[in-house]
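Peer 1: no FASTA, just this:
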């Protein structure tokens, strides 16, 4: 097995899905000759040609809107939005049409579309390059929201997204694009959309995250274990929509405590939904309040202040200790 | 019933200063020798600053930014036609225009170094901060221009952007609104022929950007973007039309991005050195310098002096930049709303307490 990072794993998944299904095409800004600004589509235009890997004009609404039409017409477009912060012009197309075409036409017309986009902070970027807007998409009925936490997950989840019959927003945590290298099977495989993953079993507290912050939880859990403070169960949500409440609730029923970590603003972040599900389904098993470790209700700061904004292992350790002491 | 032509249009291209440094006197805008020297000094300062910023970025002292070297003729030329009571609504590749508007170099370093305080452009400069999302800000220029017209101001707004921005829906909406409401705005497109890796021919099938104006009922013109006199002339005329007649204009300054898109880009992946080289030969600063030498406005000693003074200004700015005390974490919360919400108050206190515990 080759050791791949997330960029390489997604590149491989795209290549294999295009090989398997001639209807899979890629479109976006700089996805062709440049191989994408993060090189996720590196080598694909050379392999599959400009008919299937399409460099588009600079128009996010155009990219997604056109991809909706392509999907309706039988293609399986994988559209790239260069940074999540540039997806807003495309939001209208996603909300008004991609998410509703099936419902509007009572299933006659469907939109098997994937929109890939790097998201999240930690890369010392310019304004609009660090947004974490998964909750904005997860709030839209009819859109699936998928976020991989490592290369193995990225490959399997992306393959599943491409084969899914409905529109999927596939959000790639930019800060760990190249930070994690692991063995990824050469053969194709899919991972289920709508099934959370228990990353680490533990008995004292349930810690929930997705994307880059699964790694933050691992760091925190290792430290708490080393200090003999807590045995942390880590859950990677994987897909915010559909959200697998069963796995999370089952874990909380076991541990009695929950800490949710995300870098998006705390208010109305996806942590609020998870917390509500826990309250509705496991309130009697809770031994302490559910805690969110999240970004602030502010614009993501630029480089100089960025580290203060991001949840880190220290803040997670503090939060977990506070639930244990409650 | 015959088929007959209904309307026909043509698009003009304006050139004043040849690559050899010779001007067409009939088209030469009225510029006093000291104004020409000032133009040259600003262009050199912009070049030296851009170069130093690049070095700072490579040393990790600045973040990602978009270089402007090679495009000074375009955006400096246009900004030189602005008056203090005009507005500038820029994108992100107009360093020279920002300098001309009076923005201190140190503040630009601060902004591109990842410190929000650098984007606090003083209100009196009538210059909006950099707009990163491509093609989104031209509508703001239209709104400001509308307000100026309401106020009866004899002033105009110049908004600048690249040719890639013309593919965005907001460009179309801005052009349409400007023409429908007849507001004093000048759309200034630096067509540098690349939107990251996508060349002009893949960006639009329109032979020129300028002709896009026609569909909106607006005047459009192309100008040699490496010819600072032509750019100045066309911008001056357009601004005057806007100030006095509330007629918007689209100017296409045809230039070339000889640099990478930003410091995060590697243009060698998608274009050849053979394509770039001829454009280096059309350098706008050298072209202006050649003209000035023939007119006795510049010699070797003078050129060295301009360079030295520019380098000194840049060095002073870098020194001031390095002396800036980093922003405090409490800054993150202070400017979200006029008044902090209870959530922000709580979160700010939370962060400060957490930092105090860790200290």
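Peer 2: Right, received. Where do you want to start? Just so it is clear, the model here is predicted, and its values are computed rather than measured.

Peer 1: CA only for contacts and neighbour counts going forward, please
Peer 2: Will do.

Peer 1: show me the domain layout of the chain.
Peer 2: Unless you meant another one, I'm taking chain A. Taking automatic domain parsing as the reference, chain A has its domains at A:2-184, A:197-325.

Peer 1: wrong one, chain B
Peer 2: Using automatic domain parsing, the domain parsing of chain B gives B:12-327, B:329-359.

Peer 1: nearest to residue A:137, out of the ones you listed?
Peer 2: domain B:12-327 (19.4 Å; C-alpha to C-alpha).

Peer 1: for the domains of chain A, which one sits closest to residue B:286?
Peer 2: domain A:2-184 (31.5 Å).

Peer 1: span of that closest one from start to end?
Peer 2: Domain A:2-184 has an end-to-end distance of 6 Å (criterion: C-alpha to C-alpha, to the nearest Å).

Peer 1: ok, now stretch B:64-80?
Peer 2: First residue to last in stretch B:64-80 (C-alpha to C-alpha) measures 27 Å.

Peer 1: hmm, residue A:100 and residue A:108 touching each other?
Peer 2: No. Using C-alpha atoms under 8 Å, residue A:108 is not in contact with residue A:100; the gap is 11.6 Å.

Peer 1: contacts only, for the residue nearest in space to the middle of chain B.
Peer 2: In chain B, the residue lying closest to the centroid (C-alpha atoms, centre = their mean) is residue B:94, at 2.7 Å. Contact analysis of residue B:94 by C-alpha atoms under 8 Å, 6 or more residues apart in numbering or on different chains lists B:68, B:75-76, B:160.

Peer 1: any stretches of the stretch 101-250 of chain A with poor pLDDT?
Peer 2: For the stretch 101-250 of chain A, no stretch is flagged by pLDDT under 70.

Peer 1: tell me where it has strands.
Peer 2: Along the stretch 101-250 of chain A, the stretches classed as strands by DSSP state E, counting those that start in this stretch are A:114-119, A:144-146, A:168-173, A:182-184, A:197-200, A:205-209, A:232-236, A:239-241.

Peer 1: just chain B next, same as before
Peer 2: Counting by DSSP state E, chain B has strands at residues B:12-14, B:87-89, B:157-162, B:185-191, B:194-195, B:198-199, B:219-224, B:249-254.

Peer 1: can the longest one be found next to chain A?
Peer 2: No. In terms of C-alpha under 8 Å from any C-alpha of the partner chain, no part of strand B:185-191 sits within range of chain A; the closest distance is 13.6 Å.

Peer 1: can you tell me which helices and strands that strand packs against?
Peer 2: helix B:72-80, helix B:138-151, strand B:157-162, helix B:228-245, strand B:249-254 (3 or more C-alpha pairs under 8 Å, 6 or more residues apart in numbering or on different chains; DSSP states H and E).

Peer 1: pull out the buried positions in stretch A:127-139.
Peer 2: Neighbour counts over stretch A:127-139 (16 or more other C-alpha atoms under 10 Å in any protein chain shown) mark A:127-135, A:137-139 as buried.

Peer 1: hmm, residue B:154 and residue B:244 touching each other?
Peer 2: Yes. If you go by C-alpha under 8 Å, residue B:244 and residue B:154 touch, sitting 6.5 Å apart.

Peer 1: these two: which has the busier surroundings?
Peer 2: Shown here are residue B:244 and residue B:154; by other C-alpha atoms under 10 Å in any protein chain shown, residue B:154 has more neighbours (16 against 13).

Peer 1: excluding chain neighbours, what is closest to that one?
Peer 2: Of all residues not flanking residue B:154 in the chain, residue B:243 sits nearest, at 5.0 Å (C-alpha to C-alpha, 6 or more residues apart in numbering or on different chains).

Peer 1: correct me, but the one you found touches residue B:152?
Peer 2: No. Assessed by C-alpha under 8 Å, residue B:243 is found out of contact with residue B:152, at 9.7 Å.
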